[in-house]
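Chemist: Provided below for reference: sequence and predicted model.
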Amino acid sequence: TFTLPYQSGAIGVGYDIKETGRELTSVQDLFDPKFKGRVTMLSEPYDSACTVLLGDGVDASSASLDDILGAIEKIEQANRDGQFRRFTGNDYTTDLAKGNVWVSLAYSGDVVALQSDNPDLRFSYFEEGNMAFNDNMLMPKAVEHPYAAETMFNYLYDPEVAAKLAAWVNYISPVNGAKEILEKTDPDIANNELIFPSPEVQAK
């Protein structure tokens, strides 16, 4: 009644292929000793712990508290062993861009922007599955001008507007029809799996 998805995104692995020497596709790659001290994890437990659960074959959407605490303990043990350089918010992008780290638990849209400066940077969806998130537009229950808010929501859900927005922010659009518009105006964006993931990726 009061919210709509604004943009969505996925949590996967961002990495510099020149440094890793191979494609990364598994959650377990975050724990590879070869990358010790060159990995960042996200400080948000939902992102990091639930990603580790997926890597261990646990459906994060129905995980128990014990499952989540076990994933946090696994991260803590690896951290004690020096696997992680640090825990970050979006600021992992600076370390990844500068080469301070080679591997980051990352947000899909961030890496699209970084690739324009460094073509060696990659983003992969995990073969075990990915956590996803929605940034939502919302209005308070007692909003003073609901019509104004609804008008803005509807404007952003116009496929022409949504296509421009997806091309600008590089995150996943919730609006049907945006991809088809971009196929005509900007096929590189339309075919970018980080912005318009395939049905196979969406299923995971």
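Modeler: Arrived safely. Residues are numbered from 1 along each chain as shown.
Chemist: Mind giving me the packing neighbours of the strand of greatest length in the chain?
Modeler: Assignment by DSSP state E gives strand 3-16 as the longest strand of the chain. Judged by 3 or more Cβ pairs under 8 Å, 6 or more residues apart in numbering; DSSP states H and E, the packing partners of strand 3-16 are helix 92-98, strand 103-107, helix 108-115, strand 121-124, strand 131-138, helix 159-169. All C-beta atoms are positioned from the backbone trio N, CA, C, and that covers glycine.
Chemist: which residues are contacting the fourth one?
Modeler: Surrounding strand 121-124, the residues in contact under the criterion Cβ atoms under 8 Å, 6 or more residues apart in numbering are 12-17, 23-25, 96-97, 106, 108, 111-112, 114-115, 194.
Chemist: do the third one as well
Modeler: Among residues not part of helix 108-115, those counted as contacts by Cβ under 8 Å, 6+ apart are 7, 9-12, 14, 90, 92-93, 96-97, 121-123, 169-172, 192, 194-195.
Chemist: before we move on, back to that, quick one, which of the helices and strands packed on strand 3-16 gets closest to residue 58.
Modeler: strand 131-138 (12.2 Å; Cβ to Cβ).
Chemist: on contacts alone, who are the packing partners of the closest one?
Modeler: Using 3+ Cβ pairs under 8 Å, 6+ apart: strand 131-138 touches strand 3-16, helix 45-55, helix 146-156.
Chemist: As PDB, could you dump the C-alpha coordinates of that strand?
Modeler: Extracted C-alpha coordinates of strand 131-138, given in PDB (Å, rounded to 0.1, in the frame of the first residue of the first chain):
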ATOM      1  CA  MET A 131      21.400 -12.300  -1.800                       C
ATOM      2  CA  ALA A 132      19.400  -9.600  -3.400                       C
ATOM      3  CA  PHE A 133      18.100  -6.300  -2.000                       C
ATOM      4  CA  ASN A 134      15.500  -3.700  -2.900                       C
ATOM      5  CA  ASP A 135      15.800   0.000  -2.300                       C
ATOM      6  CA  ASN A 136      12.200   1.100  -1.800                       C
ATOM      7  CA  MET A 137      10.200   4.300  -2.400                       C
ATOM      8  CA  LEU A 138       7.900   4.800   0.500                       C
END
